[in-house]
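A.B. asks: after the sequence you'll find the predicted model.
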Amino acid sequence: MKAQILTILSAAAFAAAATTASAGDPAAGKAKSVACAGCHGAEGISMIPTYPNLAGQKEEYLITTLKGFRDGTRENATMNPMAKPLSDADIDNLAAYYASLK
Ligand code: HEC
């Protein structure tokens, strides 16, 4: 009986963890995004036709894309140096922030 209760509790904990997509902190991401706003817009909507919008983009996509720019697997002369100094936590926070925008 005790084991059954533990199983139910751990399943509930797993379900709760699965619904929170990442550990990123949108507020910290917003603070960090000051360096990005010049090109990607203050609210993640770019004013420049050749620069992509980031608002509302998928969080997981933003994380893999920024890591790709950082390690050079995605090459872009503008974005590679922008991503270089970002830590994993910075990337999680930026992704949470941009994904939270409409
Ligand atoms: C000087 C302008 C500039 C700055 C500053 C800049 N970016 Fe970019 N960013 C670009 C351009 C241009 C692209 C398109 C790159 C390409 O075509 O591969 C891009 C692409 C991206 C993409 C990929 C979008 C997609 O749809 O695939 C992400 C994510 C991104 N930038 C995040 C950031 C973040 C986060 C910052 C701040 C740390 C930042 N950028 C700062 C110009 C900039």
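C.D. replies: Noted; the coordinates are in hand.
A.B. asks: ok, now which ones touch the closest residue to residue 58 other than its chain neighbours?
C.D. replies: Leaving aside its sequence neighbours, residue 58 sits nearest to residue 99 (CB to CB, 6 or more residues apart in numbering; 6.5 Å). (Glycine included, C-beta is placed from N, CA and C.) Residue 99 makes contact with 56, 57, 58, 59, 62 under the criterion CB atoms under 8 Å, 6 or more residues apart in numbering.
A.B. asks: report how many residues lie close to the fourth one.
C.D. replies: Translated: residue 59. Burial of residue 59 is recorded as 19 neighbouring residues (other CB atoms under 10 Å).
A.B. asks: what distance do you get for it to the ligand?
C.D. replies: 11 Å (CB to the nearest ligand atom, to the nearest Å).
A.B. asks: give me the low-pLDDT residue ranges for this structure?
C.D. replies: Per-residue confidence for the chain (pLDDT under 70) gives these ranges: 1-22.
A.B. asks: name the residues of the protein found near the ligand, please.
C.D. replies: 35-36, 38-40, 50-52, 54, 62, 65-66, 76, 78-79, 82, 94 (CB under 6 Å from any ligand atom).
A.B. asks: mind redoing it with 8 Å?
C.D. replies: 32-33, 35-40, 50-54, 57, 61-62, 65-66, 69, 74-76, 78-79, 82-83, 86, 90-91, 94-95, 98 (CB under 8 Å from any ligand atom).
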